[in-house]
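**Q** kindly return the folded structure for what I paste below:
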Amino acid sequence: MKAVILAAGDGIRLRPLTETRPKPLLPIAGLPLIHHLLSEARKVGVTEAVIVVRHMKDRLISYFTGCDIGLKLTFITQGPENGSGAALLAAREHIDDTFLVLAGDIVTEASVMKAVIEAHHGGITLGLKKVANPHGYGVAELSGDRISIFEEKPAHPKSDLANLSVYCMEPTVFSDLKSLGKSERGEYELASLFVGAKGVVVEGFWRDIAYPWDLLDANEYVLSKLDSKNGHIENSTIDGKVIMASGARIINSYVEGCAYIGEGTTVGPNACIRGFCSIGKNCSIGPGTTIKSSILLDNVNAKHLAYIGDSVIGENVNFGSGTQIANFRFDADNVNVLTEKGWANSGKKKLGAFVGDNTKFGVLSCTMPGKLIGSNCEIHSGVVVNKNVPSGVRVFTRQPIEFGKVGDGELE
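**A** Below is the predicted model of the structure:
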């Protein structure tokens with residue numbers, strides 16, 4: 001079976017992380033989202049994947065150059081037309097039989113794909129799953145096994161069944177899309193074909209990576225499924241599981257939970273890793289630093305007395321001594337995040353910061369919960385970041401200093 005992977009989107013809601021990479025290359029447990037997705041697809045008999053690309057397509061194609069994932073890969077560029085239907089139409093010359101369609105920004109398991117494939121008997125079959133917050137998804141209402149109503153992100157959902165962007169289809173879908181034409185928004189929309197299609201409610205893990213904090217849940221799931229792989233560990237306590245890449249070291253440190261430690265990364269001495277963490281290549285986590293339930297991309301330095309909790313940190317980020325990323329509100333309520341699409345309730349009591357590539361933090365700087373800090377920023381010493389920071393700016397504070405002679409008493 002062939003699979004079509006829809007991987008052309010801009011990932012606006014995932015900024016600043018997608019300012020410098022396409023969203024399918026965002027990493028969890030040491031590998032990009034799309035790598036995990038293709039690995040699961042291979043388990044259900046997919047032998048060839050047609051990957052539809054556009055945003056930063058060269059980076060996506062470059063990743064798979066020399067990367068043997070066990071599948072034949074074909075890359076197709078989506079043209080100027082927008083919409084999921086337009087992305088699918090870009091692959092039509094490469095499909096001549098029943099095929100699987102997967103969004104390139106989901107994390108799921110082979111059992112979900114298998115359930116959709118086995119339920120398919122022509123036309124279009126959608127994978128559906130009950131979710132707690134259906135207003136954030138495409139929502140389907142079933143009549144028997146057929147979709148009677150389908151709505152995109154409704155304010156008042158009629159059902160709790162979310163569209164998983166896991167489909168099985170026949171090649172006739174291409175002519176069906178063409179015959180429908182463009183929607184009111186001027187796009188070819190795949191959802192226009194869903195009413196009357198077959199829907200199958202599945203079990204198994206699935207997460208749509210719509211916002212940066214969705215990466216944390218997906219990271220926890222994937223790490224929990226991996227086998228431990230110890231490496232160079234000196235005088236350290238491991239209360240849980242570590243997966244260590246070549247050249248990774250843990251020295252005089254404490255690990256509690258489950259951690260992936262990337263190639264060439266050093267943890268310690270006297271560092272603490274807690275919860276479900278993924279730390280990329282060539283990072284340095286030094287004395288007095290705690291990393292809790294976070295994802296650090298490659299070349300991150302947190303060498304002295306830093307705290308990084310429930311956060312996703314881009315490449316080449318440097319934390320000055322004593323940097324603190326706050327992850328909990330005084331009122332213990334869910335952390336809200338101001339995204340480029342407006343305010344979003346993360347649904348999380350603990351949530352730190354999301355930091356773009358090449359940003360530097362000065363000593364004793366601090367970030368309030370749920371803040372987005374862009375790429376190529378400088379957060380100067382002593383700054384408390386209490387609002388989002390756009391890319392490419394310096395943030396600093398001016399502190400008045402008074403002088404008096406020793407022994408003169410209190411200053412006015």
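**Q** and the gap between residue 381 and residue 300?
**A** 19 Å (Cβ to Cβ, to the nearest Å). (C-beta placed from N, C-alpha, C; glycine too.)
**Q** just checking, residue 101 touches residue 4?
**A** Yes: in this structure residue 101 lies within contact range of residue 4 using Cβ atoms under 8 Å: 4.9 Å.
**Q** in contact with residue 383, which residues are there?
**A** Residue 383 makes contacts with 362, 365, 366, 395, 396, 397, as judged by Cβ atoms under 8 Å, 6 or more residues apart in numbering.
**Q** tell me the SS of the residue positioned nearest the centre of the chain?
**A** Central residue of the chain (Cα atoms, centre = their mean): residue 215, 3.5 Å from the mean position. Classification of residue 215 using DSSP: H, G, I helix; E, B strand; the rest coil returns helix.
**Q** surely it and residue 209 touch.
**A** Yes: shown here, residue 215 and residue 209 form a contact pair, counting by Cβ under 8 Å, at 6.1 Å.
**Q** name the residues contacting each of these two.
**A** Counting by Cβ under 8 Å, 6+ apart, the common neighbours of residue 215 and residue 209 are residue 26.
**Q** count the neighbours of residue 340 for me.
**A** 11 (other Cβ atoms under 10 Å).
**Q** can you give me the distance of it to residue 16?
**A** From residue 340 to residue 16 the distance is 10 Å (Cβ to Cβ).
**Q** go on, residue 406?
**A** 47 Å.
**Q** check residue 321 too.
**A** Residue 321 is 24 Å from residue 16, by Cβ to Cβ.
**Q** equivalent analysis for residue 249, please.
**A** Taking Cβ to Cβ, one finds residue 249 at 30 Å from residue 16.
**Q** who's more crowded, those two?
**A** Neighbours per residue, other Cβ under 10 Å: of residue 249 and residue 16, the larger number sits with residue 16, 25 against 17.
**Q** does that one touch residue 375 like I think?
**A** Yes: in this structure, residue 16 is within contact of residue 375 by Cβ under 8 Å, at 5.5 Å.
**Q** joint contacts of those two?
**A** Joint contacts of residue 16 and residue 375 (Cβ under 8 Å, 6+ apart) are 314, 356, 357, 391.
**Q** could you dump those into CSV with distance to residue 238, pLDDT and secondary structure added?
**A** What follows is the shared contacts of residue 16 and residue 375, written out as CSV (distance: Cβ to Cβ, whole Å; pLDDT from 0 to 100; DSSP: H, G, I helix; E, B strand; the rest coil):
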residue, distance to residue 238, pLDDT, secondary structure
314, 27, 96, coil
356, 32, 96, coil
357, 30, 97, coil
391, 38, 96, coil
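**Q** max pairwise distance over those: which two?
**A** Maximum pairwise distance among these (Cβ to Cβ): 10.7 Å, between 314 and 391.
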